[in-house]
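Q: here is my input, please return the structure:
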Amino acid sequence: WLKELALCSIVTAMDCDLLHPDPRQEAAKHKLKRLVQSPNSYFMDVKCPGCLQITTVFSHAESVVLCGSCNAMLCQPTGGIARLTEGCSFRKKQD
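A: Modelled structure (predicted):
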């Protein structure tokens, strides 16, 4: 049992710093495996190229989003993140 106690008391160096992880590595991890869990989705303001009206759209929208005033298509769904129509500009909404 002394050998087992000696093996357990050996301190090994960590390969990575758990308190200060690299932001690029954290962003590449799965949303549940990050140090602080956070979703990959977000809300964004999309500006219509025709009438310049701003509409709030979910990043992973599962249906076609139309402009409220001119009925132009702003984004179309894909398997994951919604694809914006060409000419639309967007910005992420802040928490």
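Q: just the strands in the chain please.
A: Here the chain has its strands, by DSSP state E, at 43-47, 54-58, 65-66, 73-76, 83-84, 89-92.
Q: in CSV, list those strands along with mean neighbour count, mean pLDDT and distance to residue 18.
A: C-betas here are computed from N, CA, C, even on glycine. CSV is the format used below for the strands of the chain (neighbours: other CB atoms under 10 Å; pLDDT from 0 to 100; distance: least, CB to CB, whole Å):
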stretch, mean neighbour count, mean pLDDT, distance to residue 18
strand 43-47, 16, 94, 31
strand 54-58, 15, 93, 33
strand 65-66, 17, 93, 40
strand 73-76, 18, 93, 38
strand 83-84, 15, 94, 37
strand 89-92, 12, 92, 28
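Q: please tell me how far the residue most central in space within the chain sits from residue 58.
A: The centroid of the chain falls nearest to residue 40 when counting by CA atoms, centre = their mean (2.5 Å). From residue 40 across to residue 58, the span is 12 Å (CB to CB, to the nearest Å).
Q: which residues of the chain score low on pLDDT?
A: 1-14, 95 (pLDDT under 70).
Q: which parts of it are helices?
A: Taking DSSP state H as the criterion, the chain contains helices spanning 2-8, 23-28.
Q: residue 77 reaches residue 57, doesn't it?
A: No: if you go by CB atoms under 8 Å, residue 77 and residue 57 don't touch, sitting 11.0 Å apart.
Q: list residues touching both of these two?
A: Counting by CB atoms under 8 Å, 6 or more residues apart in numbering, residue 77 and residue 57 have no shared contacts at all.
Q: what lies in contact with stretch 29-46?
A: For stretch 29-46, contacts defined as CB under 8 Å, 6+ apart pick out 18, 21, 26, 54-60, 65, 74-75, 84, 88-93.
Q: ends of that stretch, what's the gap?
A: 27 Å (CA to CA, to the nearest Å).
Q: repeat that for stretch 25-32.
A: Distance between the two ends of stretch 25-32: 14 Å, counting by CA to CA.
Q: got it, and stretch 30-38?
A: Counting by CA to CA: the opening and closing residues of stretch 30-38 are 9 Å apart.
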